[in-house]
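Peer 1: Build me a model from this:
(2 chains)
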Amino acid sequence: MTTVFGIPIQALLGQLLLGLVNGSFYAVLSLGLAVIFGLLNVINFAHGALYMLGAFAAWMGYAYLGLNYWAMLLLAPLAVGAAGIVIERLLLRHLYRLDHLYGLLLTFGLTLLIEGLMRSFYGVSGQPYSAPEALRGATNLGFMVLPNYRAWVVAASVTVCLATWFVIERTRLGALLRAATENARLVESFGVNVPLMVTLTYGFGVALAGFAGVLAAPVLQISPLMGSNLIIVVFAVVVIGGMGSILGAILTGLGLGVVEGLTKVFWPEASSTVVFIVMAIVLLLRPAGLFGREK
Amino acid sequence: MTLRSLCAAATAAGLAATAPALHAQGISDDVIRIGFITDMSSVYSDLDGPAGVQAIRMAIADAGGEIAGKKIELLFADHQNKADIASARAREWFDQQRLDMLVGGTNSGTSLAMAAVAAEKKRPFIAIGAGASDLTNAQCSPYTVHYAYDTVALARGTGSAVVKDGGKSWFFLTADYAFGHALERDTANVVKQAGGEVKGQVRAPLGASDFSSFLLQAQSSGAQILGLANAGGDTINSVKAANEFGVTPAMKIAGLLVFINDVHSLGLQATQGMYLTDGWYWDQSDAARAWAAKFETAVGRKPSMVQAADYSAAAFYLNAVKATGTDDADTVMKWMKSNRIDDFFTSGGYVREDGRMVHDMYLMQVKTPAESKGPWDYYKVVATLPGEEVYTKLSESTCKLVKK
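Peer 2: Numbering: from 1, shown residues only, chains lettered A, B, ... in the order given. You can find the predicted model right below:
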């Protein structure tokens, strides 16, 4: 059998694919962060908590209302997005005039609050959630057995990411959004309701977090702490991709998933650190990130 | 002070230990004060936490709320898994609240810190939720009792019993920090001694977001048994991924630190067939079932081994106070080390000179969904592991109190 550095090539292919699966989660989460940062200039630390709420919403929909996975895949992001709109209207709105740090502090505080509340209601062991009937089972790809659900995660994430990219970079709506971040007053003078647009953008960004939460629900344990475990890595992904760069967030998310997957084979102990090593190197060589623009 | 020296005199005369005092001459400041410091809000709070407080309250209520007219009081606090918070709180209680006995909850780091404070203040300390066997070895103290389980018993219990049951070849998935390494090393030694073979191991970072990659490595090792030398959320996510990627049931999982709350939150579909060692199971006897039913009425779920031990230890301490008529630490410690424990938690358990409470442990296998009759009906007892065999033997002990 062909081997690379003592690892059979088939095992390596399997690990690459797994890296891609994890990268999909990174991509959707960091995309939400990038959209919010790019258009609102807010460092949304509450992203992890909202991702957790998305997963919990999926579980609650099933446990209390009997709604299945597919219904919740649509409803949970809407619910999380609505929560985001409330947050933006009531709290974040008042901080735009101030330094980025205030937004970061506010959203960090919100994270502690949301996680604390969920912990006191639901404990920390987490809730079980099964994959939908249609996606159970696994497919033998020859070099590995891939659970169908994981394949679905990749497909769904990539579709959502590309659609988001297309809307922001290639449509009139996206053009207005981008213009509003450059010069809000000018865009308003064309009769565009910029504050509403900002609110909806924040709602959409956190809805992406909710969507990732539902995708993760059958794979990971749904626990109040699931968001804080992931959010630091996701921030690193955004920084590597270049703050605010849409395409950067998507490609870096997928790419780092793969890098991390390979590290798990060759040096498992370092697999949780490798993302930060990459971040340090990128910041040294390209301070604005791989896809970021120098300002 | 005079009361305490009176007690000491009475003990010396052998009065207190032999005859129950007719009038309580030795309850300091007229209150028996028990303290309980555990994780109330974070990763370990489900298996102990507020429900553990409830268990100790039940023990106090069952003792009548008072002994010889002296009230029993309970103080409790959250240590947030920080050793400095735990020891500061213990110190404050001993000094200012005149605490008579301290119960230590989950997290070994905090329990080791509290044991040191209790030894300095010369007050009984009963460690329950903590696993580190150091509590009764290198860091043993005349005032520490380690009550429910320890890492040695878990490693020996699961390691040797699974090999005996036919699981000869092992692969370890280990949490990459001191606790995981120790658990892997102890279990691997037991497996090899029992005639088994270790085919390899992978060390995953603590709190890794996804375990599927490590599981594929385990799968390709061709071992029969996957030993999980991790805990809490890491264990839960490893089991989930093993199930999803079809690693189980071809490979059987041996969880080296798994509590019934973990099984409950994972569900039987994912955990069926898993081996684990536990010190107590609510369905193991009539007495256990009866107590668990009372607990469930109060808390809404079945008790874990740790919560059952919270009750048993508090009741054992209160029995000691009742029998000796005093809450004097040395008198009570002497009584606890010379009387056996017979309750729903253990029959014939006893506290050794190193502080280890020796009692039988059980190798469990998780039932299939078809075998289970309902919520919390999760375990089959595969083997009873006699306490003398699974705990550190006195001859191996590194405790300075053990005379060799």
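
Peer 1: ok, now how distant is the closest residue to B:Asp342 other than its chain neighbours from chain A?
Peer 2: Sequence neighbours aside, B:Gly348 is the residue nearest to B:Asp342 in space, at 6.5 Å (criterion: C-beta to C-beta, 6 or more residues apart in numbering or on different chains). Quick note: C-beta positions are derived from backbone N, CA and C, even for glycine. For B:Gly348, the distance to chain A equals 32 Å [C-beta to the nearest C-beta, to the nearest Å].

Peer 1: Rounded mean pLDDT for the helix or strand where B:Leu74 lies, please.
Peer 2: B:Leu74 belongs to strand B:70-78 when assigned by DSSP states H and E. In this model, strand B:70-78 carries a mean pLDDT of 95.

Peer 1: Would you mind listing the outside residues contacting it?
Peer 2: B:24, B:27, B:30-41, B:53, B:56-57, B:60, B:63, B:65-66, B:89, B:93, B:97, B:99, B:318 (C-beta atoms under 8 Å, 6 or more residues apart in numbering or on different chains).

Peer 1: tell me which residues of the following helix or strand past that strand are tucked away?
Peer 2: The C-terminal neighbour of strand B:70-78 among helices and strands, as given by DSSP H and E, is helix B:83-96. Residues of helix B:83-96 classed as buried by neighbour count (16 or more other C-beta atoms under 10 Å in any protein chain shown): B:83, B:85-87, B:89-91, B:93-94.

Peer 1: What is the least confident helix or strand in the chain?
Peer 2: If you meant another chain, say so; for now it's chain A. In chain A, no helix or strand scores lower on mean pLDDT, DSSP states H and E than strand A:3-4, which sits at a mean of 68.

Peer 1: please go with chain B instead
Peer 2: Per mean pLDDT, DSSP H and E, helix B:15-18 ranks last in chain B, at a mean of 42.

Peer 1: Show the average pLDDT along the helix or strand following it.
Peer 2: Next helix or strand after helix B:15-18 toward the C-terminus (DSSP H and E): strand B:31-38. Mean pLDDT, strand B:31-38: 96.

Peer 1: could you say what helices and strands the helix or strand following strand B:31-38 packs with?
Peer 2: As assigned by DSSP H and E, the chain's next helix or strand after strand B:31-38 is helix B:49-62. For helix B:49-62, the elements it packs on are strand B:31-38, strand B:70-78, helix B:286-299, helix B:305-324, judged by 3 or more C-beta pairs under 8 Å, 6 or more residues apart in numbering or on different chains; DSSP states H and E.

Peer 1: B:Ala119: what's it in contact with?
Peer 2: Taking C-beta under 8 Å, 6+ apart, one finds B:125, B:141-144 in contact with B:Ala119.

Peer 1: sorry, back to before: possible to save the helices and strands packed on helix B:49-62 as JSON lines with mean neighbour count?
Peer 2: Formatted as JSON lines, the helices and strands packed on helix B:49-62 follow (neighbours: other C-beta atoms under 10 Å in any protein chain shown):
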{"stretch": "strand B:31-38", "mean neighbour count": "24"}
{"stretch": "strand B:70-78", "mean neighbour count": "17"}
{"stretch": "helix B:286-299", "mean neighbour count": "15"}
{"stretch": "helix B:305-324", "mean neighbour count": "25"}
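
Peer 1: before we move on, back to that, farthest pair within the contacts of B:Ala119?
Peer 2: Spatially, the most separated pair among those is B:Phe125 and B:Pro142, at 10.4 Å (C-beta to C-beta).

Peer 1: And the two? Which one has more around it.
Peer 2: Comparing B:Phe125 with B:Pro142 by other C-beta atoms under 10 Å in any protein chain shown, the one with more neighbours is B:Phe125, at 27 against 17.

Peer 1: Give me the pLDDT value at the more buried one.
Peer 2: If you check B:Phe125, the pLDDT there is 98.

Peer 1: any idea which helix or strand carries the nearest residue to it once chain neighbours are set aside?
Peer 2: Using C-beta to C-beta, 6+ apart and skipping residues adjacent in sequence, the residue nearest B:Phe125 is B:Ala118, 3.5 Å away. Assigned by DSSP H and E, B:Ala118 belongs to helix B:108-121.

Peer 1: continuing past that helix, what's the next helix or strand?
Peer 2: strand B:125-127.

Peer 1: Sort out which of the contacts of B:Ala119 are in strands and list them.
Peer 2: Cross-referencing the contacts of B:Ala119 against strands under DSSP state E gives B:125, B:144.

Peer 1: quick one: the residue lying closest to B:Tyr44 once chain neighbours are set aside from B:Pro124, how far?
Peer 2: Computed as C-beta to C-beta, 6+ apart, the closest residue to B:Tyr44 that is not its neighbour in sequence is B:Thr106, at 3.8 Å. B:Thr106 sits 19 Å away from B:Pro124, going by C-beta to C-beta, to the nearest Å.
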